[in-house]
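Student: 3D, please:
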Amino acid sequence: MLLESLRSPADLRSLEPAQLPVLAGEIRRFLVEAVSKTGGHLGPNLGIVEISIALHRVFDSPRDSILFDTGHQTYVHKLLTGRGPGFATLRQRGGLSGYPSQAESEHDIIENSHASTALSYADGLAKAFELTDKRERTVVAVVGDGALTGGMAWEALNNVAAGSGRQVVIVVNDNGRSYSPTIGGLATHLASLRLNPGYEHALDLIKRTVPHAPVVGASMYEALHGIKKGVKDLLAPQALFEDLGIKFVGPIDGHDIPGVEQALRTARGFGGPVIIHCITRKGRGYAPAEDDVEDCLHGPGAFDPETGQQLRKPGLTWTQVFSDELADIGSERPDVVAITAAMLHPTGLASFAKRFPDRVFDVGIAEQHAVTSAAGLALGGLHPVVAIYATFLNRAFDQVLMDVALHRLPVTFALDRAGITGNDGASHHGMWDLSLLSLVPGLRIAVPRDAARLRRLLRECVADGDGPTAIRYPKGPVPTDMVPIGNLGGMDILLRTDGSPDLAPILLIAVGPMAEVCVRAARLLRLDDGPQIMVIDPLWVKPLDPALVDAAALARLVAVVEDNGQVGAVGDAVARLLRDHDVDVPVRTFGIPQRFLGHAGRAEILEEIGLTPQRFALVLMGLLCDGGAAYGARHHGRRPMNMHDLADLPASRPSAKESS
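Tutor: I've put the predicted structure just below:
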């Protein structure tokens, strides 16, 4: 096989043109087989095979810098740079990343997986090459058409255009989709090129002419440019990109390797910024992906490679609960509208859109605009629900603060994929939102622990007309509903254990999905003469319930367990509340370490950072009992307990008080 013979881009450049279509077919078969086992981003990579081959035949990576936006379309790039054997561990702990990774290869220049950033990287890198006398190097930015719906991309284009002597080549991989079909005016403009009846004629004209044009830099560009000018009035009344001052080539067939190569060589020799518009098909060459209307198998889990059908269907997910409840709310409240940033299906808004198509707005990959647009909707008397991944809300913090909260507008932020998300790695863990939103005056934050609480708290958020609210929930299946045994103010008491009277109680504040961890850990520590433990779920973590003050005043230790970064979130807020009320009790926060975490399964990462019942129980025991030794000596007359002991303890030992 040709693919097995490739160890570097240099090997690729030695292949004959006739071998390239064969290689493309091998790559597609490899991707389907590999991703069917591990899950990953399939559709985008099937669509960029020929572009990736052409890029590495024309440019000398890493001397020439190839940047991908977004990074999920780099699987073919990884194969062509010698990482084929690693695909057996794609997105698995310790294995190949699903995004560019500097630790994996010198060919991965940036580790981006948030969209619309590559053009800014390219602008800065090209300036650096100019200032360090490396002008002969080319910076190539490969952007999906969806990335061009983000405002940051246009800020970058404005600056790229100003550098007329810098070698920046922008390849627009235009398949009409980001996750779902791309939305907005730019998408409409590109579609007018792609769908115009004259498009096929233009492609034929370019294909016939390009192979015979001389490869001599600027003069070659003029040949292509002349062709484009000849059909400009037919295809595009106004040349959008050239109006910015950037030369434009295309549209060209992104699956025609010789045509893409020729365009890339032309752009490289031009000596200034050039945009190449390539038309591709997401999921190309694999019928189940091509026929998948929703997202062309954008990011499936493990699947049957013959049929494309998912092998494991999860139970009821957090996203599904949100989706169903919001649709029901929409039927009761005509003022409720929804906003998505190019993720209608992933965030669960498809049901709402099906029932109320005029009340859902897809703004493209433009989180900042999504938030301020929501502010405008609220100013107009509506209640917008902005459904967005927790990690992507980081991009719109200023808009939340100054455009929504400053005006005390009733906007609800539904933050999917909060906490540890797993296999997509550092950029996708939703570990920053509680810290950031805790800074926002007047914004209330709810964190449900199960499906019943998600439904209830979502309704409470949407019912709040006095200011902004946020509700956050993780990725994956929703746990069994936990019925409280009592209430403390507006909070739920989930567990109360018995202990000897000489030991002060432990107050465990379980934030949302961490409730199960806390309850199970408390049961592991519930020994005959152990400390009394109370587990409470605050439901609303901003503002905190004042009843916490009196409860903490009776405690020996307050522990806050949350699936957010430990700095500046709920634990810090609890400590500040108690300090302000002169309650002198130790407060410990257990959460996500304040570092960038790699890719692995959610359960694996929770185990690694200590947020499992056994690990957490062991740490609690150490806090109370001098590392466990004193506790074991005084109360059990045996060696200190360790993690193996905790694993052997029963998951539940009911007490009289617990059921009272």
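Student: wait, residue 541 touches residue 570, no?
Tutor: Yes. Under the contact definition of C-beta atoms under 8 Å, residue 541 touches residue 570, with a separation of 4.8 Å. Where C-beta positions appear, they are placed from N, C-alpha and C, glycine not excepted.
Student: list residues touching both of those two?
Tutor: 434, 511, 562 (C-beta atoms under 8 Å, 6 or more residues apart in numbering).
Student: wait, a strand at the last one?
Tutor: Yes. According to DSSP: H, G, I helix; E, B strand; the rest coil, the state of residue 562 is that of a strand.
Student: who's in contact with it?
Tutor: Residues near residue 562 by C-beta under 8 Å, 6+ apart: 434, 511, 512, 514, 541, 569, 570, 571, 589, 590, 591.
Student: can you give me the helices in the stretch 1-150 of the chain?
Tutor: 2-5, 9-13, 20-38, 43-46, 49-58, 75-80, 118-131 (DSSP state H, counting those that start in this stretch).
Student: so of these, which one's packed in deepest?
Tutor: Greatest average neighbour count among the helices of the stretch 1-150 of the chain goes to helix 43-46 (a mean of 28), per mean count of other C-beta atoms under 10 Å.
Student: could you give the mean pLDDT of that helix?
Tutor: Helix 43-46 shows a mean pLDDT of 92.
Student: so what does that helix touch, helix or strand wise?
Tutor: helix 20-38 (3 or more C-beta pairs under 8 Å, 6 or more residues apart in numbering; DSSP states H and E).
Student: strands along the stretch 251-400 of the chain, start to end?
Tutor: Along the stretch 251-400 of the chain, the stretches classed as strands by DSSP state E, counting those that start in this stretch are 274-279, 336-340, 360-362, 383-389.
Student: which one of the ones you listed lies nearest to residue 584?
Tutor: Nearest of the strands of the stretch 251-400 of the chain to residue 584, taken as C-beta to C-beta: strand 383-389 at 39.7 Å.
Student: what angle sits between that closest one and strand 336-340?
Tutor: If you take axes from the mean of the first three to the mean of the last three C-alpha atoms, to 10 degrees, strand 383-389 sits at 30 degrees to strand 336-340.
Student: parallel or antiparallel, list what pairs with strand 383-389.
Tutor: Using DSSP bridges, the strands paired with strand 383-389 are strand 336-340 (parallel), strand 412-416 (parallel).
Student: ok so, going back, the helices of the stretch 1-150 of the chain into TSV, with extra columns for distance to residue 244?
Tutor: Output for the helices of the stretch 1-150 of the chain, formatted as TSV (distance: least, C-beta to C-beta, whole Å):
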stretch	distance to residue 244
helix 2-5	39
helix 9-13	31
helix 20-38	33
helix 43-46	26
helix 49-58	22
helix 75-80	27
helix 118-131	12
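Student: can you confirm residue 410 is in a helix?
Tutor: No. Membership of residue 410 in a helix is not supported by three-state DSSP, which gives coil.
Student: how about it, what does it touch?
Tutor: So residue 410 contacts 378, 383, 464, 465, 466, 467, 468, 469 (C-beta under 8 Å, 6+ apart).
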